[in-house]
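Visitor: Take a look and give me a structure for this.
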Amino acid sequence: MTRRGLLAPIAGLMAAACSPLGLLNSLGPRDGGVRRVARDIAYGDDPRQRLDLYAPTAPGTYPVLVFFYGGGWDSGSRDLYGWAAQALAAQGFVVALPDYRVVPQVVFPAFIEDAAVATAKAADVAAAYGGDPERLGVLGHSAGAHLALMISLDRRYMQAVDRPGLIRAAAGLAGPYDFLPFDVGASRNAFGRAPDPTLTQPVTFVRPDAPPIWLGHGTADVVVHAEDTTILDQRMKAVGGRSEAKLYPGLDHADLIATFSPLFRKKATILADVSGFFHRELG
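Guide: The predicted structure is shown next:
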């Protein structure tokens, strides 16, 4: 391997560590009363098909959440999001934090299939760590919100892993739900080869018997516009589905997850809002 080949992965790791999310993970304050209880649980053969689990330290039986991070379907790592999983766990949940395969290794629908398999695996192992798999929800930020809503609304993904009724509630933070045509590189690379582009969109699969959903978005988001949240919420309600949407004035794309950190939590009530939704729906 050349010197450049040796330095490239090191530079990548340094860039990740110095990113805002990496800094929150490595240097930001963490919520107490929780810990990572399992690491590198495999849900497939690929190195990216792994998940970590976080849980409260107090004994009890807790609802289970599966959290999918964002990254434009082509990047991201659970190693950068332990602080977010820990924040959710501190609200009284056992939290699974999976990696999933991304572009260019795979394209649609492989990362959504990974999300479904990871969710099923989280349900299989959660009881050993105080989680109740009968009370399971999924959520995500940005591209992770797309994954969470796709496996919640499009029945095919959870049916493929023989768990059609597993997801009891879903939430999305700053998610893309209605983004045709594919007019940016990230969406073209991830979905451009799909034979039927409409099958890549969560809004295609609104249905009255879907799990209840909660959607949050910042009005200053220029990465994924808040109209995606408004459209999905309106279409769910139009077919008789259960949906809640909340727009946060002045918040941008990153704020919707950064406010999970104790460092920025006073900026908005997003963590409390989404946690309250899951506690209402999951018990």
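Visitor: hey, where'd the strands end up in the stretch 101-250 of the chain?
Guide: 131-141, 167-173, 213-218, 243-248 (DSSP state E, counting those that start in this stretch).
Visitor: Let's have those strands in a markdown table, adding mean neighbour count, mean pLDDT and distance to residue 194.
Guide: The C-beta positions use only the backbone N, C-alpha and C, and glycine is treated the same way. Below are the strands of the stretch 101-250 of the chain laid out as a markdown table (neighbours: other CB atoms under 10 Å; pLDDT from 0 to 100; distance: least, CB to CB, whole Å):
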| stretch | mean neighbour count | mean pLDDT | distance to residue 194 |
| --- | --- | --- | --- |
| strand 131-141 | 25 | 98 | 20 |
| strand 167-173 | 26 | 98 | 20 |
| strand 213-218 | 27 | 98 | 23 |
| strand 243-248 | 18 | 98 | 25 |
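Visitor: CSV please, covering those and showing distance to residue 62.
Guide: Output for the strands of the stretch 101-250 of the chain, formatted as CSV (distance: least, CB to CB, whole Å):
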stretch, distance to residue 62
strand 131-141, 6
strand 167-173, 14
strand 213-218, 19
strand 243-248, 22
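Visitor: How are the helices of the stretch 1-150 of the chain distributed by residue range?
Guide: Here the stretch 1-150 of the chain has its helices, by DSSP state H, counting those that start in this stretch, at 3-18, 20-27, 82-89, 110-126, 143-153.
Visitor: Lowest average pLDDT across those helices?
Guide: Lowest mean pLDDT within the helices of the stretch 1-150 of the chain: helix 3-18, a mean of 36.
Visitor: mind checking the end-to-end distance for stretch 247-257?
Guide: End-to-end distance for stretch 247-257: 14 Å, by CA to CA, to the nearest Å.
Visitor: Need the residues that contact that stretch.
Guide: With contacts defined as CB atoms under 8 Å, 6 or more residues apart in numbering, stretch 247-257 is touched by 20-21, 69-70, 84, 141-142, 173-174, 216-224, 226, 229-230, 259, 264, 267-268, 270.
Visitor: Can you mark which positions in stretch 61-72 are buried?
Guide: 62, 63, 64, 65, 66, 67, 68, 69, 70, 71, 72 (16 or more other CB atoms under 10 Å).
Visitor: Out of those residues, list just those in strands.
Guide: Members of those lying in strands (criterion: DSSP state E): 62, 63, 64, 65, 66, 67, 68.
Visitor: Output those in JSON lines, with distance to residue 37 and pLDDT appended to each entry.
Guide: Shown next, in JSON lines, are these (distance: CB to CB, whole Å; pLDDT from 0 to 100):
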{"residue": "62", "distance to residue 37": "11", "pLDDT": "98"}
{"residue": "63", "distance to residue 37": "15", "pLDDT": "98"}
{"residue": "64", "distance to residue 37": "12", "pLDDT": "99"}
{"residue": "65", "distance to residue 37": "14", "pLDDT": "99"}
{"residue": "66", "distance to residue 37": "15", "pLDDT": "99"}
{"residue": "67", "distance to residue 37": "15", "pLDDT": "98"}
{"residue": "68", "distance to residue 37": "19", "pLDDT": "98"}
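Visitor: Could you identify the most distant pair in those residues?
Guide: 62 and 68 (19.1 Å; CB to CB).
Visitor: thinking residue 189 is in contact with residue 102, fair?
Guide: No. Using CB atoms under 8 Å as the test, residue 189 is too far from residue 102 to be in contact (10.0 Å).
Visitor: Neighbour count for those two, which is higher?
Guide: Per other CB atoms under 10 Å, whichever of residue 189 and residue 102 has more neighbours is residue 102, with 22 against 18.
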